[in-house]
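In: From the sequence below, what's the structure:
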Amino acid sequence: MEAFDLVITNGVCVTASDIGAYDVAIKDGKIALLAPSGALAKTDALRIIDAEGAYVTPGGVDCHVHLQEPAMFGKGSSSDTFETGSGTRSAIAGGCTTIVCFAPQQRHESSLLKPLADVHEKARGNTYCDYGFHLLISNPTDTALSELGMLKAEGVTSLKIYMTYEALQLRDDQILSVLHHARNNHILTMIHAENGDILNWLTDQLEASKLFAPKYHATSRPPALEAEATNRAIVLSSLIANTPVLLVHISDPDATYRIRQAQTAGQPIFAETCPQYLFLTRKDLDAPGFEGAKFVCSPPPRDEASQEVIWEGLRNGTFTVLSSDHCPFSYDDTEKGKKACVTHDHPVGKFRHIPNGIPGVETRLSLVFSADKLPLTKFVEVTSTNAANLYGLYPKKGAMMPGVSDADLVIWYPNHKLPDVTIRNEALHHANDYTPYEGRAVKNWPRYTILRGMVVWDNGEIVGKKGDGEFVQRHAGVLNDIWKCIGEQESFTGAYL
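Out: Residues are numbered from 1 along each chain as shown. Modelled structure (predicted):
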């Protein structure tokens, strides 16, 4: 029999559609063969791993990761950088083999090409896992929008825009222009949906009442702001002949309901949620002193009842993907971290200026896997396969198709063989000085992470190296045939023009 580079025997393979006992053979970085369990136990291979009956899943695909982004407001700067490789090292330790992060255009930039070139330069040769980029658009000039076709040719087939943050927020007419050009180029638009104008007004009122503590971050961003902006984004999409959009990091039941309504009506509306909306609540922001800043992210965590709605949305398909929104800021860093907003006059800081974001790329899979609230096939679907489909990586990523899929795999520990793991920041691999999940117990953790046939995480040790990761060129997303509505039409001028 043909010699393979790696063979995994005695595993239970889980995909988005099937669970079965198979051996997996890997050759030249690809899945070469799936065979009945035990069939490859004595085959010729450079290495054989006995999975001991454990689950084998496609590598995680996390398409919402922030690394080394410039400060968009306040003094904050994310702690994980490309040069150190910390963010992608953290990814593989948590079973994530592909990330898509952001190339941020700043307000003063009229083009999208330089931001993309800049992040390529930072990432090249510095990542532990495979990666791609979204364009983050804050200044949709005619020049910038005319460049979307060039971005697509370079394998960048998604962009992100904001309805909040003064340095990023777009007006509705600007959003329509972005959607128009994105549709013409088959580029998916991600939208951060919170009403920035109302948020700023509420923040001003809270500050006028001398309410500055981290817990007021949640007060300034009530669920209604997310629900209103979500509805508005859906309406704007409908005006441009139902341009596909992905509403990111949804936390609110009313927003979830509106998304479900649009999906039921046949609109190409996709939605993402994150572990912070399944495991954290706004009570965490009310920790003593400044400690609540460790949980400041946007939208803020809600309540336990909202968590149950989000879980149900994952089960019933309202949420297409579950991403981390990894955006770490060190807590004790007084220059670029959470404490950059702490002063003598404001010992609990000013919530307006607390850098928004928490780490999560390493803990995402284990938290959700261990919660036992999703069928295993659904777990794979929302953490890997759907993201690969939606963002134009499938079937190269997110699948286990012989001869087609990259050999990106996670081998978990056999059931009940691994004692519960208590999450401790000191054991994680990011460059951050805390995790919001400190002390939380999980039932399982990746035993092996395999990237294109290379074992890069082995029984608790990083064995991969910086530079193992490669840039992945993406095509237009294919989930639910989202571009089928385009048909023969090459361009679009507007639903009502």
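
In: okay, CA-based contacts and neighbour counts for the rest of this
Out: OK.

In: how much space between Leu176 and Asn139?
Out: Leu176 sits 13 Å away from Asn139, going by C-alpha to C-alpha, to the nearest Å.

In: Comparing those two, which shows the higher neighbour count?
Out: Asn139 (23 against 19; other C-alpha atoms under 10 Å).

In: pretty sure the more buried one is touching Gln106, no?
Out: Yes. The criterion here is C-alpha atoms under 8 Å, and Asn139 meets it with Gln106 at 7.0 Å.

In: Identify the contacts common to those two.
Out: Residues touching both Asn139 and Gln106 by C-alpha atoms under 8 Å, 6 or more residues apart in numbering: Leu168.

In: Determine the longest helix present in this protein.
Out: helix 223-239 (DSSP state H).

In: Look at the most centrally placed residue in the chain and tell me its secondary structure.
Out: By C-alpha atoms, centre = their mean, the mean C-alpha position of the chain lies nearest to His64, the distance being 2.6 Å. Using DSSP: H, G, I helix; E, B strand; the rest coil, the structure places His64 in strand.

In: In contact with it: list those residues for me.
Out: 99-101, 323-326 are the contacts of His64 under C-alpha under 8 Å, 6+ apart.

In: Low-confidence stretches in the protein?
Out: Where the chain drops to pLDDT under 70, the residues are 1, 70-74, 480-497.

In: Just the terminal-to-terminal distance for stretch 32-42.
Out: 16 Å.

In: quick one: the strands in the stretch 1-150 of the chain?
Out: Ranges of strands in the stretch 1-150 of the chain, per DSSP state E, counting those that start in this stretch, are 6-14, 19-27, 30-36, 48-50, 55-58, 60-65, 96-104, 130-136.

In: can you redo the ones you listed as TSV with distance to Asp118?
Out: Converted to TSV, the strands of the stretch 1-150 of the chain look like this (distance: least, C-alpha to C-alpha, whole Å):
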stretch	distance to Asp118
strand 6-14	36
strand 19-27	34
strand 30-36	30
strand 48-50	40
strand 55-58	30
strand 60-65	17
strand 96-104	8
strand 130-136	11
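
In: and of those, who's closest to Lys75?
Out: strand 96-104 (16.4 Å; C-alpha to C-alpha).

In: Let me know the angle separating that closest one from strand 130-136.
Out: Here strand 96-104 runs at an angle of 30 degrees relative to strand 130-136 (axes from the mean of the first three to the mean of the last three C-alpha atoms, to 10 degrees).

In: Run the angle between strand 96-104 and strand 60-65 for me.
Out: Using the same axes, to 10 degrees: strand 96-104 against strand 60-65 is 10 degrees.

In: What is the distance between strand 96-104 and the centre of its chain?
Out: On the basis of C-alpha atoms, centre = their mean, to the nearest Å, strand 96-104 sits 8 Å off its chain's mean C-alpha point.

In: who are the neighbours of that strand, in terms of helices and strands?
Out: When contacts are defined as 3 or more C-alpha pairs under 8 Å, 6 or more residues apart in numbering; DSSP states H and E, strand 96-104 packs onto strand 60-65, helix 86-93, helix 113-123, strand 130-136, strand 446-451.

In: so who does the closest residue in space to Tyr394 that isn't next to it in sequence touch?
Out: Nearest-residue entry for Tyr394: Ala388, 4.8 Å, with adjacent residues in sequence omitted and distances by C-alpha to C-alpha, 6 or more residues apart in numbering. Ala388 makes contacts with 61, 394-395, 397-398, as judged by C-alpha under 8 Å, 6+ apart.
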